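1. here are the coordinates; sequence isn't available:
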Ligand SMILES: C[S@@+](CC[C@H](N)C(=O)[O-])C[C@H]1O[C@@H](n2cnc3c(N)ncnc32)[C@H](O)[C@@H]1O
């Protein structure tokens, strides 16, 4: 399956649940208790070895990194670190950035869901750029973050590194698929788990980076279509993983290389 075909099929995010979260947050306390009860609210603080923005900054400034893509721009804090690169693509359907700052080179701010960006990019033919580094920090729901990885890998330059944010929730409630807590990782933790299973050729490391962990993925192969071909199976497997089990084994997952 070609990337254009894949994203044509899965770019159906117009009704995605990123709107309305403010309402959930307002009810946080009440709902948090309900979710805590449901999941047993296991609380396991990280033992942070770094802060995620430090990890990101170091990689953006690494020699050879000229082209960057980020899903989830929000205020543009992380995108701004890329001001000296050749190209810094930021994708967000509702960015909260200051006017004008990101409307000039090297920035390319795409005000749309990442699925739409990838569909349009692949439908247009061979892109005129390849990525040295990507940061996945958009919608914190497993399938969305997985598709972000699939899109990024298809655009990867040799040696490309991908960081996925929010892969180490500190409590089960924080990892719920719908947002009930203010710091919210969602179930992005499933992404590195399915990559380790379905793409053993990739190197997937988990770093206890504050506040909620990073996955660092290398060994990308833009010609590999396993995740697109087996997408439904990969998603079914990921959704079948238990958050309680993941929380219980989190140290082992971090230690595994
Ligand atoms: C956690 S914030 C990103 C923070 C930013 N990367 C930083 O470190 O400063 C998540 C952002 O993802 C955006 N988002 C939600 N759904 C998205 C989607 N389908 N594609 C891309 N971004 C999305 C939200 O609008 C929000 O601004």
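-> Yep, it's here. Here the structure is a predicted model, which is why all the values come from computation and not from measurement.
2. make it CA atoms for all contacts and neighbour counts henceforth
-> Will do.
3. any idea how far residue 176 lies from residue 142?
-> 10 Å (C-alpha to C-alpha, to the nearest Å).
4. which residues do the two both contact?
-> Here residue 176 and residue 142 share the contacting residues 186-187, scored by C-alpha atoms under 8 Å, 6 or more residues apart in numbering.
5. wasn't residue 84 part of a helix?
-> No - per DSSP: H, G, I helix; E, B strand; the rest coil, residue 84 lies outside any helix segment and is coil.
6. what's the pLDDT at the closest residue to it other than its chain neighbours?
-> Among residues not flanking residue 84 along the chain, residue 106 sits closest, at 7.4 Å (C-alpha to C-alpha, 6 or more residues apart in numbering). With respect to pLDDT, residue 106 scores 98.
7. unless I'm mixing things up, residue 106 is touching residue 81, no?
-> No - at 11.3 Å, residue 106 and residue 81 do not qualify as touching, with contact defined as C-alpha atoms under 8 Å.
8. overlap in contacts, these two.
-> In contact with both residue 106 and residue 81: no residue, using C-alpha under 8 Å, 6+ apart.
9. which parts of this protein sit against the ligand?
-> Residues of the chain lying close to the ligand by C-alpha under 6 Å from any ligand atom are 18, 71-74, 76-78, 91-95, 113-114, 137-139.
10. go again with 5 Å.
-> Contacts of the chain with the ligand, taken as C-alpha under 5 Å from any ligand atom, map to 71-74, 77-78, 92, 94, 113-114, 138-139.
11. adding distance to residue 240 and pLDDT, write these out as TSV.
-> Shown next, in TSV, are the residues of the chain next to the ligand (distance: C-alpha to C-alpha, whole Å; pLDDT from 0 to 100):
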residue	distance to residue 240	pLDDT
71	25	98
72	26	97
73	30	97
74	30	96
77	34	95
78	32	96
92	28	97
94	31	95
113	26	95
114	25	97
138	22	96
139	20	94
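12. so what are the sheet partners of the longest strand belonging to the chain and their directions?
-> Counting residues, the longest strand in the chain under DSSP state E turns out to be strand 156-165. Sheet pairing of strand 156-165 (DSSP bridges) gives strand 131-136 (parallel), strand 214-218 (antiparallel).
13. which positions within it qualify as buried?
-> Neighbour-count burial for strand 156-165, counted by 16 or more other C-alpha atoms under 10 Å, picks out 156-157, 160-165.
14. closest one of the residues of the chain next to the ligand to residue 85?
-> Closest approach between those and residue 85, by C-alpha to C-alpha: residue 78, at 13.0 Å.
15. surely that closest one is in a helix?
-> Yes - assessed by three-state DSSP, residue 78 belongs to a helix.
16. can you report how many residues lie near the closest residue in space to it that isn't next to it in sequence?
-> The shortest distance from residue 78 to any non-neighbouring residue, by C-alpha to C-alpha, 6+ apart, is to residue 53 (7.3 Å). The tally of other residues near residue 53 (other C-alpha atoms under 10 Å) stands at 15.
17. secondary structure element for residue 53, which one?
-> Following DSSP states H and E, the helix or strand that holds residue 53 is helix 52-60.
18. so for that helix, mean pLDDT?
-> For helix 52-60, the mean pLDDT works out to 96.
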